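Engineer: the sequence and its predicted three-dimensional model are supplied below.
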Amino acid sequence: MQPIVQISLDLTNIAEAIETAHLAIRAGVDWLEAGTPLILAEGLHGVRALRSEFPNVPIVADLKTMDGGYLEAEMMAGAGATHVVVMARAHEETVRCVVKAGKDFGVQVMGDNMVSDDMVAGAKWLEDLGCDFVIHHIGFDERRGIAARGQRMPSPLDQLREVCEAVKVPVQAVGGLSLEQAIQCPAYGAPLVVLGAPLTIDADSFKTADGDLESSLRLICDAVHSQRVGD
Ligand SMILES: O=C([C@H](O)CO)[C@H](O)[C@H](O)COP(=O)(O)O
């Protein structure tokens with residue numbers, strides 16, 4: 001499969017999310033993610049607004065579902081999401097409910113192995129329960145906490161190859177990746193590349209000399225799309 005570029009809209013209002021999404025789509029981004037902060041701030045309205053503005057673009061709702069999985073997935077599907085996210089730390093029954101809702105409402109399920117005791121086993125478990133994708137994720141707080149104690153910050157690249165080898169479903173690596181590291185994900189076997197905080201939060205640092213963020217983003221998308229997964 002050709003690598004896919006997703007932008008994580010970790011923003012807190014619809015106007016900013018739509019503006020960033022337009023720029024991203026023009027630059028070649030394939031999927032939009034309604035990030036957790038956007039969903040907290042704007043809820044279903046945020047997902048509906050993205051769907052209405054971008055009728056044909058896949059939209060990942062990063063809900064991080066822990067319970068009540070069927071209804072959460074049903075609501076997000078109704079608002080226009082094409083993908084929902086359930087956590088490996090949730091009860092097995094919750095993952096099953098989200099997978100069932102995914103089938104009933106035509107959305108795909110991404111299982112997130114964040115904070116699993118064994119990240120590789122967590123990924124495999126999510127696949128066995130029927131998730132369509134695995135997100136291999138080192139959480140924001142975990143990374144910051146470890147760094148604050150003066151230890152090396154863990155990276156999702158550390159075990160990415162192992163996770164990709166353990167499952168058959170496509171894998172996405174998330175959590176503190178620089179743009180350069182994100183671009184390397186297909187070489188580790190992960191076809192889904194997420195551009196997160198560096199672009200949505202520190203966007204100014206990624207503008208080209210002429211101040212054009214869109215052209216920087218286009219270069220990144222081209223670099224990802226020109227790769228073959230696992231090379
Ligand atoms: O899911 C996320 C996190 O848990 C906070 O909600 C972020 O979208 C994800 O961690 C992306 O983070 P960066 O890689 O730092 O952009």
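Structural biologist: Done, it's in.
Engineer: every contact and neighbour count from this point should use C-alpha atoms.
Structural biologist: Will do.
Engineer: for this protein, what's the longest helix?
Structural biologist: If you go by DSSP state H, the chain has its longest helix at helix 36-53.
Engineer: and the next helix or strand past the lowest-mean-pLDDT helix or strand in the chain?
Structural biologist: When the helices and strands of the chain are scored by mean pLDDT, DSSP states H and E, helix 197-200 comes last with a mean of 69. Going down the chain from helix 197-200, the next helix or strand is helix 213-225, by DSSP states H and E.
Engineer: ok, back up a step: helices or strands up against the longest helix of the chain?
Structural biologist: Under the contact definition 3 or more Cα pairs under 8 Å, 6 or more residues apart in numbering; DSSP states H and E, helix 36-53 sits against helix 14-27, strand 59-65, helix 69-79.
Engineer: tell me what the longest one is packed against?
Structural biologist: Contacts of helix 14-27 with other secondary structure elements, assessed using 3+ Cα pairs under 8 Å, 6+ apart, are made with strand 4-9, helix 36-53, helix 213-225.
Engineer: of the helices and strands packed on helix 36-53, which is nearest K124?
Structural biologist: Each of the helices and strands packed on helix 36-53 has some distance to K124 by Cα to Cα; the shortest is strand 59-65, at 17.9 Å.
Engineer: contacts for that closest one?
Structural biologist: 31-36, 39, 47, 50-51, 72, 76, 80-87, 90, 112 (Cα atoms under 8 Å, 6 or more residues apart in numbering).
Engineer: cutoff 6 Å now
Structural biologist: 32-36, 81-87 (Cα atoms under 6 Å, 6 or more residues apart in numbering).
Engineer: of all the helices and strands packed on helix 14-27, which one is nearest the ligand?
Structural biologist: helix 36-53 (4.9 Å; Cα to the nearest ligand atom).
Engineer: could you see whether the ligand lies near the closest one?
Structural biologist: Yes: using Cα under 6 Å from any ligand atom, helix 36-53 reaches the ligand at T36.
Engineer: what about stretch 8-17, start to end distance?
Structural biologist: Counting by Cα to Cα, to the nearest Å, you get 10 Å between the two ends of stretch 8-17.
Engineer: understood, closing this out.
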